[in-house]
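[1] sequence and predicted structure, then a few things I'm wondering about:
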Amino acid sequence: MSYYCRFYAILTLLFLGNIVYSSRPADTDTPVFSLIYSDASLKDGVVYLRWSSSGFSDIVNTVFVLQRSSAETWSDIATVYGVADVYTVYNDSVHACGDSISYRAFAGIPDLYDTVWLGISDIKTLFVEDKVPPEYVPLDSVSVDMNGNLCFGWSRGVSADAEGYIILSQSGESAQGGLDFTRFNDISQTGYDTLLPRSQALALEFKLQVFDRCDNRSRISDGLFAAASEITYNGCDDKVSVKYGAAGNSLENPDRLLLYGLRQNGESAMVTDAPYALNHVFTMRSSDISEFVAFRIVARNSVTGISASAYVDSFTVLPPPVPKEFHITSVSVNEDGTVTVLPNADTSVLFGSVELYRSDDGTAFEKVIDWKNPPDIWIDNNINAAERNYCYYGVISDTCGRAVHESEVHTTMLLTAAVAGENLFRFSWNAYEGWSDGVDVYGIYETDRQNSSVFTLIDSVYGTTYDLTVQLLEEAFGTQYFVEAIARPKVDTSVNSQDTALSIVLSRSNIVTLETTDLPDFFMPTGFVPDGRITTEYKPVGNIRNISEYDFRIYDRTGKMIFRSKDPATGWDGTVHGKKIPAGVYIYYIFIKKGDKITDRTGNITLVR
């Protein structure tokens, strides 16, 4: 039945004199109606099109499909119904910025299954260039807080083709280096927060301008200087202070200041009000406004009812930030006996002070310095850490002067050296204390025999002693040594870590110089192997020079003297009258007079065969 209806409709149109098409007409078909446009409209980016519908028999049921092409590709942009006895109109808000755009239209009558096309219009190619600026929007307010949070506020632009806003500085000497302070490509944005040094923000005048998609700009708004607003919390006395500077407000003749609190859910409520005054300060207890997380200050003219706000939503009422943990990275002994301390304080939050304490016994500490801004390196010049150990720790306080954290106690290393045997020196030092992960290893450094100013790593140990064997004790005299503690590296254990050590921390001991005056005059070995591989004689070892008297004896266990010498160059060869005696323990006696100093010593010697 539907096929009969459609066939009847086509016959009816043909009967009324219209040509019909089963598909949209082609460009080569003869146009049956003409598009008309307004020249004036092309300059504001909106194309006003109209055409006469009188040439179509059933105009009320005729639809017109409008197409646009800007790159040889046609696309449908609208479908409109014809209007009897008047022009059919369509306004295309294309907002082109200097483009050639073509338009054409198709006329047709839709039926149940398809559209019966009646014809095509001519093609109109137009050069469209939007040169009309968007409407002006005033800058409502500018405020800056004590931390340099600069806040702007304005109303949304009303122009249909407005794209965004430009904030301009007064003279073009802005932090961004040009007249444009910043630019936003979002017409729905009605505020902006940024950071700028407070002194610089207060010295600039700011203005607002709207731009459209063709970068046409509105007229510039009146200028505003930033209102200096502050909100602070004094945790020492639990007082909140809100300060309002009205210098940059566009409101004329304000007489009241209102303080609004902002709750976590976004709701606000008036907290208090006061007579208007430049730099007015509201003071309240924090417990009275604990429900609020931020504030907004409003200046109002009670006569006109007009208000203007200082946007201070970024001012959240919080106690003073608690300083993070304070640490000492290391303490090291310098060549002259002074101590280098490496403080490690987090200065990203406010704090009161860092106090450094020192002790020479690890129990009685005294404060040696108080820092408001701790240095990276500090030298303690009033001590000699080459003679004894010193301990250090630090305390960081908040802005109320309350101590919030103590560092670990760090102890300097004191290195000593002594003769420990024939051709043997023994170095000893105390373990370095202070690193939470402990010491990884100790490095032993020695001066270069050719260049005494250069130290070379000769060995590494895990303990706190080191034995050094030399060919002759005398050859080592004048050589300098120090020990370097290396902290166990802290390792990054995060998911993306490759177990790479984050840092290497070091601490040095004092420097010791091997001197003859620092060593005993002589040393008596406790054992003797008269096989000729090491030595053939047993005698004192050391500085046996410039003596006036010398007496060296050996006794067996019965007390019988079996050897005696008064010549330091002559020692016992382990025999009696040329005959070897059994291995065992024997007794030595040594008497030496050197100037006014007399040494008289007795001990045991083990003879080994």
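    Yep, it's here.

[2] any stretches of the stretch 201-350 of the chain with poor pLDDT?
    The model of the stretch 201-350 of the chain has pLDDT under 70 over residues 228-235, 237-238, 240, 244-252, 278-279, 286, 306-320.

[3] which residues of it fall in strands?
    Using DSSP state E, counting those that start in this stretch, the strands found in the stretch 201-350 of the chain span residues 205-212, 224-225, 227-228, 230-234, 239-244, 256-263, 268-275, 280-285, 292-300, 307-310, 327-333, 339-344.

[4] do the same with the stretch 51-200 of the chain
    Assigned by DSSP E, counting those that start in this stretch, the stretch 51-200 of the chain shows strands spanning 63-69, 74-81, 87-92, 97-110, 115-120, 124-129, 139-144, 149-154, 162-169, 180-184, 191-195.

[5] who touches stretch 365-379?
    Applying Cβ atoms under 8 Å, 6 or more residues apart in numbering, the contact partners of stretch 365-379 are 334, 338-343, 345, 347, 353-359, 380, 382, 391, 393. C-beta here means a position set from N, CA and C on the backbone, and glycine is covered the same way.

[6] what's the answer for stretch 596-604, then?
    Contacts of stretch 596-604 with the rest of the structure, by Cβ under 8 Å, 6+ apart, involve 521-522, 524, 526, 585-593.

[7] which one in those residues is the model shakiest on?
    Lowest in pLDDT among the contacts of stretch 596-604 is residue 521, which has 64.

[8] out of the strands of the stretch 51-200 of the chain, nearest to residue 220?
    Nearest of these to residue 220, taken as Cβ to Cβ: strand 162-169 at 6.7 Å.

[9] just list what that closest one packs against, helices and strands only.
    Here strand 162-169 touches strand 180-184, strand 205-212, going by 3 or more Cβ pairs under 8 Å, 6 or more residues apart in numbering; DSSP states H and E.

[10] can you list the low-confidence ranges for the stretch 51-200 of the chain?
    Applying pLDDT under 70 to the stretch 51-200 of the chain flags the ranges 57-60, 84-85, 145-147, 170-179.

[11] turn the strands of the stretch 201-350 of the chain into CSV, columns for mean neighbour count.
    Output for these, formatted as CSV (neighbours: other Cβ atoms under 10 Å):
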stretch, mean neighbour count
strand 205-212, 22
strand 224-225, 22
strand 227-228, 24
strand 230-234, 18
strand 239-244, 19
strand 256-263, 18
strand 268-275, 13
strand 280-285, 15
strand 292-300, 21
strand 307-310, 21
strand 327-333, 22
strand 339-344, 20
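
[12] make TSV out of those strands and add distance to residue 562.
    Shown next, in TSV, are those (distance: least, Cβ to Cβ, whole Å):
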stretch	distance to residue 562
strand 205-212	107
strand 224-225	108
strand 227-228	101
strand 230-234	90
strand 239-244	94
strand 256-263	103
strand 268-275	105
strand 280-285	97
strand 292-300	97
strand 307-310	106
strand 327-333	51
strand 339-344	56
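
[13] sorry, back to before: looking at the helices and strands packed on strand 162-169, which is nearest to residue 130?
    Taking Cβ to Cβ, strand 205-212 is the member of the helices and strands packed on strand 162-169 nearest to residue 130, at 6.8 Å.

[14] what pLDDT does residue 416 get?
    You'll see residue 416 listed with a pLDDT of 92.

[15] who touches it in this structure?
    With Cβ under 8 Å, 6+ apart, residue 416 has these contacts: 427, 428, 429, 512.

[16] show the buried residues in those residues.
    With neighbours counted by 16 or more other Cβ atoms under 10 Å, those contain buried members at 427, 429, 512.

[17] help me confirm that the first one is found in a strand?
    Meaning residue 427. Yes. Residue 427 forms part of a strand when assessed by DSSP: H, G, I helix; E, B strand; the rest coil.

[18] my read: it touches residue 468, true?
    Yes. Contact criterion Cβ atoms under 8 Å: residue 427 and residue 468 qualify, at 6.8 Å.

[19] tell me how far the residue positioned nearest the centre of the chain lies from residue 198.
    Central residue of the chain (Cα atoms, centre = their mean): residue 348, 9.2 Å from the mean position. From residue 348 over to residue 198 the distance is 18 Å, taken as Cβ to Cβ, to the nearest Å.

[20] equivalent analysis for residue 419, please.
    For residue 419, the distance to residue 198 - Cβ to Cβ - is 68 Å.

[21] kindly report the same for residue 73.
    Distance, residue 73 to residue 198, using Cβ to Cβ: 54 Å.

[22] tell me which of the two has more neighbours.
    The neighbour count for residue 73 versus residue 198, taken as other Cβ atoms under 10 Å, is higher for residue 198 (18 against 8).

[23] which residue, other than its chain neighbours, is closest to the more buried one?
    Distances taken as Cβ to Cβ, 6 or more residues apart in numbering put residue 148 closest to residue 198, at 4.9 Å, once the chain neighbours are dropped.

[24] next one: residue 189
    Of all residues not flanking residue 189 in the chain, residue 165 sits nearest, at 6.9 Å (Cβ to Cβ, 6+ apart).

[25] what number of residues lie near the one you found?
    When neighbours are counted by other Cβ under 10 Å, residue 165 registers 27.

[26] so it bridges to which residues?
    Beta-bridge pairing for residue 165 (DSSP bridges): residue 184, residue 210.

[27] wait, it touches residue 183, no?
    Yes. Counting by Cβ under 8 Å, residue 165 touches residue 183, with 7.4 Å between them.

[28] any idea how far residue 55 is from the closest residue in space to residue 31 that isn't next to it in sequence?
    Leaving aside its chain neighbours, residue 31 sits nearest to residue 122 (4.2 Å; criterion: Cβ to Cβ, 6+ apart). Distance, residue 122 to residue 55, using Cβ to Cβ: 13 Å.

[29] anything in contact with each of these two?
    With Cβ under 8 Å, 6+ apart as the test, residue 122 and residue 55 both reach residue 33.

[30] helices of the chain, start to end?
    For the chain, helices defined by DSSP state H occupy the ranges 2-16, 198-203, 473-476.

[31] buried ones in the second one?
    Taking 16+ other Cβ under 10 Å as the basis for neighbour counts, the residues of helix 198-203 that come out buried are 198, 200, 201, 202.
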